[in-house]
Each structure stands twice: as structure tokens, then as C-alpha cells.
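Trainee: sequence unavailable; structure follows:
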């Protein structure tokens, strides 16, 4: 979510002072006043990010040294000599008092196609660390297993706010089912509000197989909450809740093993209270999650609310021919939507032969009564 757009919308919607919003979110008020002026002049288009690239750069390597670097490279290669960036830097240093760095020379050679990067190890600078900009912008949810007394294993559902690391829910179950996740979501929302997005793995309690729409996804759709999932076998996507599992289990390992589900829930409640209100978190500048959560405006669900009551719901993707498929009474039918929509992910709401096809942004794409006698339902 774009911070500037969100703060301007908050100012216009709530009337909060620009200076107050700027101080709360760690930005300069002059930037918000500039965005507000652009919004009044250009509307929504005025809030789009603009390039910070200067119109000209007199000291740019390309303008001063690129041709000479390329010439040196060719001369050295033609002479059978080493022609790497370090060697070229050495030759340039003999000719000029101030020359580009070795890394700048390497970038010139790369851009001109003289070298192909072949990293043997992924550099740390290449890792992209994702953090939601606002509280409730994204919650992460996952289930872990906790061993109690006498080897009894319970399942614990943990839900973490991505921005603040606040634990909004930690519930113990014998076996976690999709309705348990839905109830936990509503209980957490009664205290903290509903999130804009929910990020989970691809477990059966979160996502139904074979393109169907499960209990959890149906509930999120009706609330306008975005549903996101990590790619298979990549737990790093849900890294914050995975890390919370470790912290929680480290605490439980030092407690007396719980003899019942109720006792384990009491232990979880004590830990969550300490974790949220007392324990400073290194990932949020040594603040407590509760402090980080309270410091900024909260995001809210922004997606379309799609009522699925009375419908069989399934996901699909429009193929390159602009069609989706639907099986009715054992027979597969192809429904035309239009090649312009190829690749779109859509939701099919099916009530017997009545079929509604809706984009994930809530846009209606087609509403038809299926003709069982035709394999292909053409676009009218």
C-alpha cells in the first residue's frame, strides 16, 4: 500500500490534521502538503509515485568514461590480456586523476553485454525484506504442533500482525479445522479490527484443493479481505509467524508440561500478554508489539464484498482462448468470456444452471444460464 495515498485518504476521510498524521507516521508534513496540493489539482492521478531521476547528471559515468572503458576492454581482449574491471580501473588510473570505481566499471561492462554475471553465492544485499507499512495491512496465520504431558500433541493456531508483530490470536485445538480458523479470525477482529489481507501457507484448513473455494476463503471474500498464500515449500514467506512459533515453543519448553487443553491455553494467554505488552522486539526497534500497533493508523479491508450464500463457489483462471470450464452433471462445459481477459483469475458462483463469473476485483464478467446441450457457451 502506498503510504502517501493512505495518509491523504485518511486526512480527507477523518479530518485529522496533516501535521499530526506526519508526526505519527514518521514523514515530513511538507511532503503531505505537496501530495494534498497535487491531489486537489489532478485528483487520484496526482498521488501516483513520480520518478526522482534528475533531468541531467554531468558526473555520470556513462557520459564521462563509458566509451573509454569499452575501448580499453576491446584493446585488452584483442591483445590477449586480462580485461576485467580491476585491470581497466588500473589503466584508467594511470590516465586520469579521478576515475570510476571498480563496481561502476563492472556495471558498464555488464550493460554493454561484455560480461554475464555468474554469482556463486547469493549476496545478502539481494534479499528483499517485506514489512507491511500499516497495522492490519496484513496478518500472517499458521498452525504449529505443541507436545503436552504424556506425549499428547495439540495444534496451536497463531495469527500475527505483519507490521507490528502483535499476536492477535493464539488458540489451541485438538485438530484445527477451517471453521476454527474463521471463529478465531472473528474473535481477533472484535479486539483489533479486520485486516486488509490474510497471508497463510497452502494448508487444507486455509485453501481448498482443485480450484474449489473453502470455508476460510469464502468468509474472507464476504468480508472483503484479501487472501494470500505462500508458494509451496517456501515457509520464508510467512517468516514472521514461523519465527513466533519458535519464540512460543522456547517459552513453553521452560514451563511444566500442560496436562490438558485448557491448561495449555492458559499458558498461551500468559505468554501472549507478555509478548505483546512487555517484551521489546528487535525487529521493530526494541518497541513492544502493542506500542508499534498503536502508533499508526490501521488498514481496513479494501476488497469487494462478494456474497456467496446459496452458491457453489470455485476459483479458475481464464485460458488463452478467453474461456473457463465448468462441470455440470458429470459433463465438462466451456464458457466463453473473451480473449481480452486471458490470464485473469476469476470466481465462479454456481447455483444449478445459473452461473455468475466475477473477477477478483469484484467486476462482473458474465452471468448466464448454462445450456446442458452445448459443450461451449459462446459469448453473447
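Mentor: Arrived safely, thanks for sending. Just so it is clear, the model here is predicted, and its values are computed rather than measured. Numbering: from 1, shown residues only.
Trainee: stretch 325-333 spans what distance, first to last residue?
Mentor: Distance across stretch 325-333, first residue to last, is 6 Å (CA to CA, to the nearest Å).
Trainee: which parts of it are buried?
Mentor: 326, 333 (16 or more other CB atoms under 10 Å). From N, CA and C alone the C-beta is placed, and that goes for glycine too.
Trainee: buried ones in the longest helix belonging to the chain, by neighbour count?
Mentor: Secondary structure of the chain per DSSP state H: the longest helix is helix 261-277. Using 16+ other CB under 10 Å as the test for burial, helix 261-277 gives 263-265, 267-268, 271-272, 275-276.
Trainee: contacts for stretch 363-370?
Mentor: Applying CB atoms under 8 Å, 6 or more residues apart in numbering, the external contacts of stretch 363-370 come out as 326, 328, 333, 335, 337-338, 341, 344, 346, 353-359, 377, 379.
Trainee: nearest to residue 24, of the buried residues of helix 261-277?
Mentor: residue 276 (20.1 Å; CB to CB).
Trainee: mind checking how far residue 205 is from residue 175?
Mentor: Distance, residue 205 to residue 175, using CB to CB, to the nearest Å: 10 Å.
Trainee: more neighbours: which of these two?
Mentor: residue 205 (23 against 9; other CB atoms under 10 Å).
Trainee: in contact with the more buried one, which residues?
Mentor: Counted by CB under 8 Å, 6+ apart, residue 205 has contacts 143, 176-178, 180-181, 216.
Trainee: next, it: secondary structure please.
Mentor: With DSSP: H, G, I helix; E, B strand; the rest coil as the basis, residue 205 sits in coil.
Trainee: and if you look at residue 306?
Mentor: Assignment for residue 306 (three-state DSSP): coil.
Trainee: gap between the closest residue to it other than its chain neighbours and residue 227?
Mentor: Of all residues not flanking residue 306 in the chain, residue 221 sits nearest, at 4.8 Å (CB to CB, 6 or more residues apart in numbering). Noted for residue 221: a distance of 8 Å to residue 227, by CB to CB.
Trainee: looking at the two, which is more packed in?
Mentor: Taking neighbours as other CB under 10 Å, residue 221 and residue 227 compare with residue 221 leading, 23 against 20.
Trainee: hang on, isn't that one packed against residue 315?
Mentor: No: here residue 221 lies out of contact with residue 315, judged by CB atoms under 8 Å, at a distance of 10.3 Å.
Trainee: still on that earlier bit, closest one of the contacts of residue 205 to residue 135?
Mentor: Nearest member of the contacts of residue 205 to residue 135, counting by CB to CB, is residue 181, at 20.7 Å.
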